[in-house]
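> sequence? don't have it. structure:
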């Protein structure tokens, strides 16, 4: 055999071995051949109705639909826990899941306390969190990191969208009733900027404990302010209690309420009589399109209620994550995050969606108004969609971002 033939044969053997090694490496990229998703949520507290068991159900639906569509070679497991809206419980559970149970991604995280706590642990462990339930805009500003996606809504989107609409309709003077933690203050601050930019005025605010059942003293301060609009910078049970007690004390209809974050589950709990006419900003309404109706009816069969924005968003987020794993053949954090960020999101939940460098998933949001009882024709027929807020306008522009990942 000539020297040239020996060299050529050697090159072929080396190339074959390298190819085999790459193939074996690719096959082994999913650790333990298992992708494990953790749903860390509020199971019994003030946010459980629009998250909780419904978020777990939505996650399981996404996993089942993914398996039916792709028939993946890897196994998908789900673990769940109640973070009780507490930072220490959230951090400890996230660390336990990442260290001992080999969880690859944690989602839901329905309060900002939980979201900000989990994302710090995720950064430390180089694991992914997709926050669907927490709202503070701090998550993609000074608190941002490269392993976190903020998927469903934030206080900029819901606060600005609703505040602008209310001021435009003549609600010029405001007084805020604010949940006394990072989410409530973020919501008040973001809405205040929109109110002032639109020509409105904020007369004052009062902070209430989170959560709070008796809001009477705080509502009386709002009443005494004489403001046209009482802005509710809270969510879940706090919002429900605010609306009910405002009616009891005769604050409404003399003054009007603006719920800066309200879910369809809240409207269902309070009823159309007391919520009619309210403006809201949402990323999802079950009855908006044939695709949203199809998903929601399947969800309804399991939960006997329509999905909230958060519960529908959890499904979309989990599906987007799993499709990135499928596309890359890997559960490596950097690999999957890169794939998620470069892949557009267009499904029954999000239109014109993509994940920015600050971790914010931006997509079209909707300005809605709660129907009058006489306008509702069937169960859960609660909203009139008034306008689409394009993705580029719905969320804080990167030019205003304080996230260190954003290049300016």
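Cool, the structure landed. Because the structure is predicted, anything quoted here is derived from the model rather than measured.
> list the buried ones in stretch 29-41?
29-30, 35-41 (16 or more other CB atoms under 10 Å). All C-beta atoms are positioned from the backbone trio N, CA, C, and that covers glycine.
> where along the stretch 251-400 of the chain do the helices fall?
Secondary structure of the stretch 251-400 of the chain (DSSP state H, counting those that start in this stretch): helices at 264-270, 272-275, 290-303, 309-328, 333-342, 391-394.
> Out of these, indicate the one that is most buried.
The highest mean neighbour count among the helices of the stretch 251-400 of the chain, using mean count of other CB atoms under 10 Å, belongs to helix 309-328: a mean of 25.
> Specify the angle between that one and helix 290-303 in degrees.
110 degrees (axes from the mean of the first three to the mean of the last three CA atoms, to 10 degrees).
> ok, back up a step: closest to residue 167 out of the helices of the stretch 251-400 of the chain?
For residue 167, the closest of the helices of the stretch 251-400 of the chain is helix 391-394, at 16.0 Å, according to CB to CB.
> any idea how far the closest one is from the chain center?
Chain-centre distance of helix 391-394: 16 Å, with CA atoms, centre = their mean, to the nearest Å.
> next one: stretch 308-324
Centroid displacement of stretch 308-324 relative to its chain, using CA atoms, centre = their mean, is 9 Å.
> Could you number the chain from 14 rather than 1 from now on?
All set: I'll call the first residue 14, so the last point we hit is now stretch 321-337.
> Next up, phi/psi of residue 371, please.
In terms of degrees, to the nearest 10, the main-chain angles of residue 371 are phi -80, psi 0.
> these two touch, right, it and residue 418?
Yes. In this structure residue 371 lies within contact range of residue 418 using CB atoms under 8 Å: 5.8 Å.
> Neighbour count for those two, which is higher?
Between residue 371 and residue 418, residue 371 has the larger neighbour count (other CB atoms under 10 Å), namely 24 against 13.
> Apart from its chain neighbours, what residue comes closest to that one?
By the measure of CB to CB, 6 or more residues apart in numbering, the closest residue to residue 371 outside its immediate chain neighbours is residue 416, 4.0 Å from it.
> what does the model give that neighbour for pLDDT?
For residue 416, the pLDDT comes out at 97.
> Give me the distance between it and residue 109.
28 Å (CB to CB, to the nearest Å).
> now do residue 203
In this view, residue 203 and residue 109 are 34 Å apart by CB to CB.
> who has more neighbours, the two?
Per other CB under 10 Å, whichever of residue 203 and residue 109 has more neighbours is residue 203, with 24 against 15.
> Which residues are in contact with each of residue 371 and residue 418?
Overlap of the contact sets of residue 371 and residue 418 (by CB atoms under 8 Å, 6 or more residues apart in numbering) consists of residue 157.
> rewinding a little: so the residue nearest to residue 371 makes contact with residue 151?
No. Residue 416 lies out of contact with residue 151 (CB under 8 Å); the separation is 9.9 Å.
> ok, back up a step: Throw the buried residues of stretch 42-54 into JSON lines and include pLDDT, thanks.
Shown next, in JSON lines, are these (pLDDT from 0 to 100):
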{"residue": "42", "pLDDT": "87"}
{"residue": "43", "pLDDT": "94"}
{"residue": "48", "pLDDT": "98"}
{"residue": "49", "pLDDT": "98"}
{"residue": "50", "pLDDT": "98"}
{"residue": "51", "pLDDT": "98"}
{"residue": "52", "pLDDT": "98"}
{"residue": "53", "pLDDT": "98"}
{"residue": "54", "pLDDT": "98"}
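> mind listing which of these are in strands?
48-54 (DSSP state E).
> Which helix or strand contains residue 236?
Per DSSP states H and E: residue 236 is located in helix 229-238.
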